[in-house]
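> I'd like to go over a predicted model; first the sequence, then the structure.
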Amino acid sequence: MTIFRHELRRGRAAFLIWTASIAGLLVLCVCLYPEMKSEMGAVGDMFASMGSFTAAFGMDRLNMGTLTGFYAVECGNILGLGGAFFAALTGVSALAKEERDRTAEFLLTHPVSRTRVAAEKLAAALVQITAMDLVILALSALAMGLIGEDIPWREVLLLHGAYYLLQLELVCVCFGLSAFLVRGGAGTGMGLAAMLYFLNLAANMSERAKFLKYLTPFAYCEGADVAAGGRLDAGLVMLGMLAACAGAAAAFIRYHTKDIH
Amino acid sequence: MDAICTEGLTKRYGRARGIEGVSLAVARGDVFGFIGPNGAGKSTTIRALLGLVRPSAGRGLIFGLDIGKDRERILARVGYLPAEAAFWPGMRVREVLRLSADLRRRRCGKAAEALCERLRLDPSRRVEELSFGDRKKAAIVCAMQHEPELLILDEPTGGLDPLMQREFFAILRERNQAGATVFLSSHILSEVQHNCSRAAIIREGRIIASGSVKELSRTGAKRVSVRGAMDCGALSGVRDLHTSPGSMDFLYGGSMKSLLRAAAAGDIRDITITEPDLEEVFLHYYGEGGGGA
């Protein structure tokens, strides 16, 4: 548990900043909803008539005039992208950062197995993601209550659940990458998260790019599908969780035999 | 059973040089010097011993335990001082020391305090504020606070001022007298000569000589200083020749008879013939272009 505690302490500042930023933006958006709703007639038409841009964000299938529709789009952009960045950063820096800063030498010349080091680091990353999502969900629900709206619990929980799964997938995949990198890798992690996000936008925009759905976890977080269908695409989620397991397994296997310089 | 024993330990890094066929035997209770210029493979050997890198060939045992399979059991009995210690910024020295102790599941508060006091290290300071020397001191305390049976020290005195170096070696001697084995890697020969009983010399990844420090210093070569002049041209085995008006100075590894004959033929007022120190031997016999022991 020593490394686990140490990791949480090291990651505290980043955790607080990301959680506060994402929760703050989300709460701000929810507070803007009443105003949006009153002007929705005109704005809704505008949002619905921007062609492929509308499709990219799923606004052709969602009614921006309802809290569910509004939240699904806003949530997708703020929690989706913000959470993905934080998850990717946390995962990718877990092992690689120690090597860049040469602190890996300190850790690994103590009588602790590498499997244990990796396991405690992964556990710390997962705990941070979970805590972040719980805080964000609580604050967001609180904000919806404060603006006097009925909270669409089912949709909200499904959306947040989907983004939680996306973050789990990214943490694990980036953790796997982390074991192969030697120099920090923050750029790699952020780049991967951004790329997956844009893959999903592309998949939404064009029929020919539909297959990209299978490559990006943002596909099973699609606000329009989740809010309209009332459930997650089990196949895509399974695919994502398989990728997560593969990432984590690759990390353990690689780290076990990696040369530390 | 030896404290450290390696047979043909090899580590290759693609094109870059690692180590090749390193065989070492360090007996328990020894203070063993590991000498070589920078980049010769000292740190790579140590990294292989500690399980940080996997050897490409050969094997190594520490206290009879395999360096590949019994890593944790070995590390529990070893204290390691890296050449350049790195810690997590934002931590205080005290927190680093406690983290190290926690990772070993030990309580070392008293020992850490005593070491900090002797090395004049303030444990309440933040690690990013420490000078290179103070970071070294923190690393020394990390390596020693759990009183390990084997100390592996990589360039231990870099950054320490002469007074601190003396204190450090005093602590090392105490630990050695209490039974600890010391493996000291250094490119500073006088350090090895003064503190170690046995040593190995590594160059370009290979061990080129090993034995007692006395033995290694004895290459048969002598340092010859002459006041006056003599003709060295006909002598074979002259190295490191310095001449100035009225005196000459050189390392001599040839026949004593020829030297004396040449001296007798010259115009000499004084001559001293002494054992060279390890530093000279290293530079001229093991160093660049040297011919080996």
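That came in fine, so what should we check first?
> Low-confidence stretches in the stretch 1-150 of chain B?
Judged against pLDDT under 70, the stretch 1-150 of chain B has no low-scoring part.
> Point out the residues in the stretch 101-250 of chain A that sit beside chain B.
Neighbours of chain B within the stretch 101-250 of chain A, by Cβ under 8 Å from any Cβ of the partner chain: A:101-103, A:105-113. No exception for glycine: its C-beta is placed from N, CA and C like everyone else's.
> Helices of the chain, residue ranges please.
Let's take chain A. All helices of chain A, identified by DSSP state H, fall at A:2-38, A:40-48, A:52-56, A:67-75, A:81-100, A:103-108, A:114-146, A:153-180, A:186-205, A:223-229, A:234-257.
> hm, I was asking about chain B
Going by DSSP H, chain B shows helices at B:42-49, B:71-75, B:93-103, B:109-118, B:132-144, B:162-177, B:189-195, B:213-217, B:256-265, B:278-281.
> for those, which one ends up most surrounded?
For these, the largest average neighbour count (mean count of other Cβ atoms under 10 Å in any protein chain shown) is found in helix B:42-49, namely a mean of 25.
> give me the beta-bridge partners of the closest residue to chain A within the stretch 151-293 of chain B?
The nearest approach of the stretch 151-293 of chain B to chain A comes at residue B:152, 8.7 Å away (Cβ to the nearest Cβ). Beta-bridge pairing for residue B:152 (DSSP bridges): residue B:80, residue B:183.
> Would you check that it makes contact with residue B:80?
Yes - between residue B:152 and residue B:80 there is a contact under Cβ atoms under 8 Å: 4.9 Å.
> what do those two both touch?
With contacts taken as Cβ atoms under 8 Å, 6 or more residues apart in numbering or on different chains, residue B:152 and residue B:80 have B:46, B:50 as neighbours in common.
> Of the residues of the stretch 101-250 of chain A next to chain B - the most surrounded one?
Neighbour counts for those peak at residue A:109, which has 26 neighbours (criterion: other Cβ atoms under 10 Å in any protein chain shown).
> can you pull the pLDDT of it?
If you check residue A:109, the pLDDT there is 96.
> ok, it - contacts?
B:50, B:52, B:75, B:78, B:80, B:82.
> if I read this right, residue A:244 contacts residue A:173, doesn't it?
Yes - between residue A:244 and residue A:173 there is a contact under Cβ under 8 Å: 6.5 Å.
> more neighbours, the two?
It is residue A:173, of residue A:244 and residue A:173, that has more neighbours when counted by other Cβ under 10 Å, with 28 against 22.
> How about that one, nearest residue that isn't a chain neighbour?
Of all residues not flanking residue A:173 in the chain, residue A:247 sits nearest, at 3.8 Å (Cβ to Cβ, 6 or more residues apart in numbering or on different chains).
> Kindly report the same for residue A:7.
residue A:124 (3.5 Å).
> how many neighbours does the closest residue to residue B:165 other than its chain neighbours have?
Spatial nearest neighbour of residue B:165, excluding adjacent residues (Cβ to Cβ, 6+ apart): residue B:157 at 4.8 Å. Counted with other Cβ under 10 Å, residues neighbouring residue B:157 total 20.
> same check, this time on residue B:211
The burial count for residue B:211: 14, using other Cβ under 10 Å.
> Quick check: the gap between it and residue B:72.
33 Å (Cβ to Cβ, to the nearest Å).
> which stretches of the stretch 1-150 of chain A aren't confidently modelled?
Using pLDDT under 70, the stretch 1-150 of chain A drops low at A:40-44, A:53, A:59.
> middle-most residue in chain A, spatially?
Residue closest to the mean C-alpha point of chain A, counted by Cα atoms, centre = their mean, is residue A:84 at 3.0 Å.
> Return the residues in contact with it.
Neighbours of residue A:84 in contact, by Cβ under 8 Å, 6+ apart: A:166-167, A:170, A:193, A:196-197, A:218.
> Can you tell me which of the residues of the stretch 101-250 of chain A next to chain B is closest to residue B:244?
Nearest to residue B:244 out of these is residue A:102 (Cβ to Cβ; 47.4 Å).
> I'm done for today, thanks for sticking with me.
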